[in-house]
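okay, sequence plus prediction incoming.
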Amino acid sequence: MAKTAKVVRKNMRLRQDLIDRAKTILGTKTETETVEQALEMVAFRDEVLEGIEAIAGSNAVEDVFQGNSG
């Protein structure tokens, strides 16, 4: 988490089974850490998709399979 990020208290109803599963997958110790990491992963996924879209539209990637039928 960034040093300048504001931390706020939230009261949410979340499925405990999903929290437990995410906690196991992420290897986190607390539920707060689990939710924060999951949210960071969503934000990162968005950045990756934006990057892929930018590259796809830039002609920076050559299709090495184009015209190869096997």
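It's in. All of these numbers come straight from a predicted model, not from anything done at the bench.

which ones are touching T34?
I19, A22, K23, L26, T28 (C-beta atoms under 8 Å, 6 or more residues apart in numbering). In this view, the C-beta of every residue, glycine as well, is placed from N, C-alpha and C.

now those in TSV, with pLDDT?
As requested, those are exported to TSV (pLDDT from 0 to 100):
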residue	pLDDT
I19	97
A22	97
K23	98
L26	97
T28	98
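
which element is the residue sitting nearest the centre point of the chain on?
Residue closest to the average C-alpha location in the chain (C-alpha atoms, centre = their mean): M41, at 2.4 Å. For M41, the host element (DSSP states H and E) is helix 31-56.

distance-wise, check G51 relative to A60.
11 Å (C-beta to C-beta, to the nearest Å).

just R45 next, same as before
Taking C-beta to C-beta, one finds R45 at 21 Å from A60.

residues near G27, how many?
For G27, the neighbour count with other C-beta atoms under 10 Å is 9.

what do you get for E31?
By the measure other C-beta under 10 Å, the count of residues near E31 is 14.

going by neighbour count, list what's buried in the lowest-mean-pLDDT helix or strand in the chain.
Ranking every helix and strand in the chain by mean pLDDT, DSSP states H and E puts helix 31-56 at the bottom, with a mean of 93. By neighbour count on 16 or more other C-beta atoms under 10 Å, the buried set for helix 31-56 is T34, V35, E36, Q37, A38.

grab the nearest non-local neighbour of the last one.
Translated: A38. Spatial nearest neighbour of A38, chain neighbours left out: A22 (5.6 Å); criterion: C-beta to C-beta, 6 or more residues apart in numbering.
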